[in-house]
Each structure stands twice: as C-alpha cells, then as structure tokens.
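Visitor: below: sequence and its predicted model.
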Amino acid sequence: MTNAIEIRDLRKRYVVEEDRACTAKEALLRLFRPTTTVTIEALKPLTLDVPRGAALGIIGPNGAGKSTLLKLVAGVVAPTSGSVRVDGSLMALIELGAGFEGDLSGIDNIYLNGSILGLSDRQLDSLLPRIVEFAGLEEFILAPVKRYSSGMAMRLAFSIAAHVEPDIIVLDENLSVGDVFFQAKCIEKLLDLKKRGKTILLVTHSLDMAELLCDRVVWLRQGEAVRVGAPSETIARYELDAGSMPLEPWNDKVHRRASQRRLSGRFGDGRAVITRFALLDAAMAPTHVFGEGDPITLEVEFEAPRAIGDMNIACTISREEGYPVLVLNGVDEGYRFASPTHGRERVRIRLAPAYLTPGRYLIDVALCLADEGADFLDKRMQLYHFRVEKRYEAQLTCVASAPYSIEARHLGD
C-alpha cells in the first residue's frame, strides 16, 4: 500500500433528537409523545488518497465537516457508509484531553500513550526527558492530568505525538490553544517530522499554516469537498468564495440547539436571524483584502419577524491563529437599536482607520438583546475570512487604533 490513508465514498450522517428534555417535567411529558429527530449530513461521499509522507491540510468554515473527517480517519466514529484504510501507526490529537486518563499523572499518560503505539518502557525512558522539556511541564508532570489547563494538556499531547513518532499524525486545530511561542515550536517540529517521512493530516483555520506545512489542501463546504489541490491555488479560491458565498439559511431544528454549535458553527434562539454579511472598502465595495490603516466597514443584514426590544450587535476580530485582537460591542459604546417589526435591517460598523498587523483574520458576529447579552439571537462563529497586507515600513505589533461607529437602517420588506 503506497498510500498512508485511502478513503473511498466516505459518508457520515448524524441523527439527533429535535428537542431534548431539559427538566423532569419535560422528560415525563415526552414519554407520551413520539420523539422527533433531525438528520445532519456532516460529510457527503468523499474519495481521497493521502500518500505516505505527505501533509494534507483540511480547510473550510465551521460546520463544513472537517472534524468529522478526522474522527472517521482516526476511527473515533463509524462511517454511515464507505471506508477508510490506514497503513501504519496513527496518533490523533482531535479533542483536548482525548486519550488521557485524568486521574493519572502526566508521566503515566506518556507511558500509556506510548505503549498503545507499541513503544517499550525502555524506549519511553529515553524519550521522557525530551517530551517533558518540549511541553514545558517540568513543574507539573507529576500532577494528575485532570488538573491541567487546556493549554497544558494540548502541549503534553502534541509533545507525545511529536516524539513517539507514529507513522501518521492527525491534528484538529489544537495548535490554536497554545501561546504563539509554543505554536512556533510545533510548526518547526511538524516540518521536521514531514522531512523524515511522517504523514500529517491537519485541520486548521490558519491558512498561512496550511500553505506552509501542506503539500495538498482539501476545501470542505457543508460536508462536501469543493476542491482538492495545491495549497496556494486552493486557498486563493477559498478566500474568494468566503467573500461571495451566501450565508447558510437558518435551520430552527439545528441552530436552536447549543449542543450543535461544533457541527454548525451557529446557534441562538432564532428570534432574529443574520441573512447577509460583507466587508466593504473605502468605496463601500465588497472585498476580503485590505491594507494597513484602510477603513473597514462590517455590514450585517438580519431579519426579525416581530418586535423583541432593543438589540445589540457584537463582532470579534481574531487572528486566524485563534486569539482575538478586537471586540466591537454596541452596548459597551452606549449604542443600541430597535428591532424591526417586519422586513430586513442593515447595520454597518465602520472602523476608520483600522490598524491591523498584516496577516489573515476571522470574524465572529452575534445578535443579542441589549439587556440580555449572554442570550444570543443568532451567533455565527468564524463567519468570514479577510486579509490585511503590509503597507508601511514601520512594523505594527498590535491593533494600534480602531475607532468605530455603528449605524442601523431599515431596508423594507
């Protein structure tokens, strides 16, 4: 078998209950009425080969099926149909803490995971100092893993995978949990593993990381492979699509369930629904590329079938590595707007100027009631990608200035 991974017509559907009981009374009432379910097409039929020693990146918006694909390859979940063949030892870093025994110490978990991959105690004895040093957990390695923070658990898991050297390493966005210094160490280690013939399967929102590490990139959208090809070409097409693709329609059966946020990247109670989003340049034309200091306008359109009180809009701009750099919140600025009683509403948030360091960014957008900030009407996570290009010789090291204003306008029925 020349391929490390062979995927043939792989498909995954989830069937979930439409309404889960939250109280004892609801549970009792449901005994006397039929249970209704909703089917989520997490991954549509996919055929793909990953050659031995290759690095494959998987990109796409939240809810595209990226994590589902990795779980199928790792054998964490069973496919609805199709098959996956894996040739060689595999270690998957899919969810933080997965594969760890919480009551065992960090050292015990190193030996446990190493033994599962077929390493002897003698081999692990020689690797132990390097694993602990790379993870930076010398002071905590004897503590139970259940006491670790998410970042500590991620560092230990990655360090184990990188040093026990399975034939195939599967990563699902774990690098975004660590600090920027540890992320740099991880990228350097992955490049080294790739040089030595290890196969890497990587889900990431960092398009820069995908371009740096990967030989090919798979772009998934709503469970379907839109394109498989060279990183630069696939990423360029993906960025253009992110700026022009219409938003997924609201599905009351799915998006009202907070438990489905990992599958859909969207949740809320649906009393107001985001229908359109765009980034506009100085000429108010849609774009996904800006220069340092350019004005940026975030345009959000939404619908509310009935009046629900004063509303608020909040947007978070994050580096694609995962850390937020700017939060725009209308209520914090003393701004709120009345919900429409019918038709569509448009809100524009103007950043002028927006001094962002060059790189790629993600945007989260949320609608909520002005007096109930934690209860989302509609929240879209990692809704939009955009890029900032270098313009000045002086190096910016942070968001230097981003004053903003908000305006709302009724667009009619």
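Guide: Now that the structure is in, tell me what you want to look at.

Visitor: give the next helix or strand downstream of the helix or strand containing Lys44.
Guide: Secondary structure from DSSP states H and E places Lys44 in strand 37-51. Heading C-terminal from strand 37-51, the first helix or strand you meet, by DSSP H and E, is strand 55-59.

Visitor: hmm, back to that, quick one: buried residues of the strand holding Lys44?
Guide: Residues of strand 37-51 classed as buried by neighbour count (16 or more other CB atoms under 10 Å): Val38, Ile40, Ala42, Leu43, Lys44, Pro45, Leu46, Leu48, Asp49, Val50. For glycine as for every other residue, the C-beta is placed from the backbone atoms N, C-alpha and C.

Visitor: mean confidence for it?
Guide: Over the span of strand 37-51, the pLDDT mean works out to 89.

Visitor: output the contacting helices and strands for it.
Guide: strand 3-17, helix 66-74, strand 81-86, strand 199-203, strand 224-229, helix 252-255, helix 261-264 (3 or more CB pairs under 8 Å, 6 or more residues apart in numbering; DSSP states H and E).

Visitor: in a markdown table: those, plus mean pLDDT.
Guide: Shown next, in a markdown table, are the helices and strands packed on strand 37-51 (pLDDT from 0 to 100):
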| stretch | mean pLDDT |
| --- | --- |
| strand 3-17 | 89 |
| helix 66-74 | 91 |
| strand 81-86 | 94 |
| strand 199-203 | 93 |
| strand 224-229 | 93 |
| helix 252-255 | 52 |
| helix 261-264 | 50 |
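
Visitor: quick one, which of the ones you listed gets closest to Ala370.
Guide: The closest of the helices and strands packed on strand 37-51 to Ala370 is helix 252-255. By CB to CB, the value is 21.5 Å.

Visitor: tabulate the helices and strands packed on strand 37-51 (JSON lines), appending distance to Ile406 and mean neighbour count.
Guide: Output for the helices and strands packed on strand 37-51, formatted as JSON lines (distance: least, CB to CB, whole Å; neighbours: other CB atoms under 10 Å):
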{"stretch": "strand 3-17", "distance to Ile406": "36", "mean neighbour count": "17"}
{"stretch": "helix 66-74", "distance to Ile406": "33", "mean neighbour count": "23"}
{"stretch": "strand 81-86", "distance to Ile406": "48", "mean neighbour count": "15"}
{"stretch": "strand 199-203", "distance to Ile406": "34", "mean neighbour count": "24"}
{"stretch": "strand 224-229", "distance to Ile406": "34", "mean neighbour count": "16"}
{"stretch": "helix 252-255", "distance to Ile406": "25", "mean neighbour count": "18"}
{"stretch": "helix 261-264", "distance to Ile406": "26", "mean neighbour count": "18"}
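
Visitor: quick one: contacts of the helix or strand containing Asn312?
Guide: When elements are assigned from DSSP H and E, Asn312 belongs to strand 310-319. Applying CB atoms under 8 Å, 6 or more residues apart in numbering, the contact partners of strand 310-319 are 272, 298, 300, 304, 324-331, 335-339, 347, 349, 356, 359-371, 373, 377, 406.

Visitor: just the buried ones from the residues you listed?
Guide: Buried among those (16+ other CB under 10 Å): 272, 298, 300, 304, 326, 328-331, 335-337, 339, 347, 349, 356, 359-370, 377, 406.

Visitor: follow-up on the earlier one: relative to Leu190, which of the helices and strands packed on strand 37-51 is closest?
Guide: strand 199-203 (6.3 Å).

Visitor: quick one: strands adjacent to the closest one?
Guide: strand 55-59 (parallel), strand 168-172 (parallel) (DSSP bridges).

Visitor: so which of those strands is nearest Leu127?
Guide: strand 168-172 (15.5 Å).

Visitor: what's the angle between that closest one and strand 37-51?
Guide: Orientation of strand 168-172 against strand 37-51 (axes from the mean of the first three to the mean of the last three CA atoms, to 10 degrees) gives an angle of 140 degrees.
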